[in-house]
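1. what's the 3D shape of this:
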Amino acid sequence: MLNVAVLISGTGSNLRALLEAASDPTYPARVVSVGADRDAPGLAHAADFGVASFAVPFRAYDSREQWGEELAGQLRAWQPDLIVLSGLMRLLPAAVVAEFAPRIVNTHPAYLPEFPGAHGVRDALAAGAAQTGASVIQVDEGVDTGPILAQERVPIEPGDTEETLHARIKPVERRLLIDVVRRIAVGDIDLDAP
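-> As a prediction, the model looks like this:
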């Protein structure tokens, strides 16, 4: 059984989908803890499923590095086999990535390497792209530059807004995340492979 820690910043819709998948006894992974960088509404999903949660508020620390030290300590306590960044809107400090890589994955609402960064949906619309997508990647030291584990295209429709486009990307993102975690758990994806 793959033990997963999930980090969020917001409502946690991807987290909820993963918790629902993991509640099936045939799913080969379980969420052991959920953490957030603020008092995120998505922490309620952990409570709904009886999963431990913690918050390490970014603004409570003098530096990103100090915040990262506390976050790493919280993660260490759960000894996760995999860390999923699911809407965590903050870059992990290099020391945290170095400690837990290559066992960190991230979801992103674009077809990487197109439109990396915090505003992938907005950037795709601003560029006038005909399509964008969803990706699940391994986290490295860069911003959305790690190896791509899964991705799928999503068309941009006439009249799309950031909200309508994101609403169509989210279900794809959830499905890809659930599948990637399953494939890691059963050994179909080897995160240690070069």
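2. where does this protein dip in pLDDT?
-> Judged by pLDDT under 70, the chain has its weakly predicted residues at 194.
3. break down it into its helices, ranges please.
-> Secondary structure of the chain (DSSP state H): helices at 13-22, 43-48, 64-78, 94-100, 120-126, 162-186.
4. quick check: which of these is buried the most?
-> Sort the helices of the chain by mean neighbour count, taking mean count of other C-beta atoms under 10 Å, and helix 13-22 sits at the top with a mean of 21. From N, CA and C alone the C-beta is placed, and that goes for glycine too.
5. for that one, which outside residues touch it?
-> Residues lying outside helix 13-22 but in contact with it, judged by C-beta atoms under 8 Å, 6 or more residues apart in numbering, are 4, 6, 8, 27, 29-31, 34, 42, 45-46, 48-49, 51, 84, 86-87, 107, 170, 173-174, 177-178, 181-182.
6. run the angle between that helix and helix 162-186 for me.
-> Computed with axes from the mean of the first three to the mean of the last three C-alpha atoms, to 10 degrees, the direction of helix 13-22 lies at 40 degrees from that of helix 162-186.
7. number the residues from 24 up from this point.
-> Renumbered: residue one is now 24, and that last one reads helix 36-45.
8. distance from helix 36-45 to the middle of the chain?
-> Averaging C-alpha coordinates over helix 36-45 and over its chain gives two centres that are 11 Å apart (C-alpha atoms, centre = their mean, to the nearest Å).
9. ok, now stretch 189-200?
-> For stretch 189-200, the distance between its averaged C-alpha position and the chain's averaged C-alpha position is 12 Å (C-alpha atoms, centre = their mean).
10. and it, C-alpha only, in PDB?
-> In PDB, the C-alpha atoms belonging to stretch 189-200 read as follows (Å, rounded to 0.1, in the frame of the first residue of the first chain):
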ATOM      1  CA  HIS A 189     -10.800  25.600 -15.600                       C
ATOM      2  CA  ALA A 190     -14.100  23.900 -14.800                       C
ATOM      3  CA  ARG A 191     -13.500  21.600 -17.900                       C
ATOM      4  CA  ILE A 192      -9.800  21.000 -17.000                       C
ATOM      5  CA  LYS A 193     -10.400  20.000 -13.400                       C
ATOM      6  CA  PRO A 194     -12.100  16.600 -14.100                       C
ATOM      7  CA  VAL A 195      -9.300  15.700 -16.500                       C
ATOM      8  CA  GLU A 196      -6.700  16.700 -13.800                       C
ATOM      9  CA  ARG A 197      -8.500  14.600 -11.200                       C
ATOM     10  CA  ARG A 198      -8.700  11.500 -13.400                       C
ATOM     11  CA  LEU A 199      -5.000  11.800 -14.400                       C
ATOM     12  CA  LEU A 200      -3.900  12.200 -10.800                       C
END
